[in-house]
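Asker: 3D model of this:
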Amino acid sequence: MEYSKIKYRPNLFRKENTILKELQANPDIRVMKPDKEGGVVIMDNITYKGKMNHILMDEVTYSSVSNNEVNIAYKRIDNVLEDLYMEGLIDEKTLRFLRVDKPRLPSIFKIPKTHENEKDPPLRPIVSAEESKTLPLAKYVDNKLKQLWVNRKAILKDSWDFLKEITPELFHDELTFITIDINNLFSSIPYREGMDLFEDILFEDTDLTHSEKLVCISLMELVLKYNFFFFKGEFYQQMQDVAMGAACAPTYANLVLAKWEEEYILNSEFATNWTVYKRFLDNIVIFWKGTGELFDEFLVYMKNTTKFLEFTYTLSRDCLQYLDVEIYKADGKFESRVFRKPTFCNSFLHYRSAHPPHCKRNIVKGQYVCGSRMTTSSYDFNKECGLLKEFFLERGYPLDLVGGGGLR
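Answerer: Numbering: from 1, shown residues only. Predicted coordinates:
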């Protein structure tokens, strides 16, 4: 079968297209993509606006501002950039990149976190910062500093990076799998405490020049301080925490947490009680070999090292569900397989989409390769291939394209 000769048609049936247009024209609802796992969430606008207004009423975090205050702040940003140029800390090319003469004020929206509560999901704030005054500043900081956290041993890049750490010699029958979530990380780092940790870890680095460190600190302060957005015609400023939607937000949060971990966690007296301590942004995983009583002491110790981080945890002797992989014990060794949250929704690209044929072939191949990498037993791999086959057939893929996930 020649896939390049497929005749492409709309991947929605007439009835589905009619329903979609009705939803689009309905002013009383909001159709949103959930925070994780794909799918669609429909929420009535009254509920959505109520949740948004409740969040923005937090006067500690947000402040209503005028258009004039925004313009004054933007002028201050230009002045700081001009000072950095006059002091020789940045060149003219960098100055041109960092300056935005006709910025667009970011807008805020929120996406539902259905993985936390499917029936009444809380909302995650997102700021659309494209063409904003601080976007190039955030990009500069992210580009300069990303390597500072990427190369740290305790920080994971992805699930595959995590699996490479799970070696046979780490196995122990009495091992306890522990995951610790840092609650609302981006909205919990206070400005001054965060910047102090940020500056400390920058000045410990030997790869960046002194000038680059000073520029990154100055730009990071501007990104955090002048975080403006609008909602329903009103202007707001985020007064504390990490700037929502900033390109450098994950890098900033990772560096702040890395400094905290290095000072209080990784070299603590409790470090002898684990064989693995890894973190992916705000999700910590630990392979604990100590007693339950010692873990309780460690948890109390963790909480006492910080005034702004809060934690929730899960523990299990049998299996670990972390990122999109599940680790479990079987026959005296670790086994792994693909993990999907209960809120998973099959949202693979539909085969009747007008995307080029090679995109669809690569999606199929990529998913089978991912399944092969993440599963260690033949049984789990064959089960994963069967699931993928069902998912792709459900999305209109021909059997001869998706039936290639063979047995091990």
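Asker: show the pLDDT at the residue nearest to Val402 when sequence neighbours are not counted.
Answerer: Among residues not flanking Val402 along the chain, Phe392 sits closest, at 4.0 Å (CB to CB, 6 or more residues apart in numbering). Glycine gets a C-beta too; all of them are placed from N, C-alpha and C. On the pLDDT scale, Phe392 is placed at 94.
Asker: which ones are touching Phe392?
Answerer: Taking CB atoms under 8 Å, 6 or more residues apart in numbering, we find Phe392 in contact with 348, 351, 364, 367, 401-402.
Asker: ok, Tyr397 next?
Answerer: 351, 360, 364.
Asker: compare those and tell me which is most surrounded.
Answerer: Within those, Lys360 tops the neighbour count with 25 neighbours, counted by other CB atoms under 10 Å.
Asker: now that one: how far from Val338?
Answerer: Separation of Lys360 from Val338 (CB to CB, to the nearest Å): 20 Å.
Asker: and Ala243, what's its pLDDT?
Answerer: Turning to Ala243, the model gives it a pLDDT of 71.
Asker: ok, now Val41?
Answerer: On the pLDDT scale, Val41 is placed at 87.
Asker: so Ala138 touches Val127, yeah?
Answerer: No - contact between Ala138 and Val127 fails when scored by CB atoms under 8 Å: they sit 10.9 Å apart.
Asker: anything in contact with each of those two?
Answerer: In contact with both Ala138 and Val127: 243, 246, using CB under 8 Å, 6+ apart.
Asker: which of the two has more neighbours?
Answerer: Taking other CB under 10 Å, Ala138 and Val127 do not tie; Ala138 has more neighbours (24 against 18).
Asker: what's near enough to touch that one?
Answerer: Ala138 makes contacts with 129, 219, 223, 243, 246-249, as judged by CB under 8 Å, 6+ apart.
Asker: in helices, which of the contacts of Phe392 appear?
Answerer: 364, 367, 401-402 (DSSP state H).
Asker: from those, which single one is nearest Pro34?
Answerer: Among the ones in helices among the contacts of Phe392, Gln367 lies closest to Pro34 (CB to CB), at 20.3 Å.
Asker: give me the contacts around the helix or strand of the chain with the lowest mean pLDDT.
Answerer: Within the chain, no helix or strand scores below strand 123-128, which has a mean of 83 by mean pLDDT, DSSP states H and E. Contact with strand 123-128 is made by 35, 48, 51-52, 55, 106-113, 187, 227, 229, 243-246, as judged by CB under 8 Å, 6+ apart.
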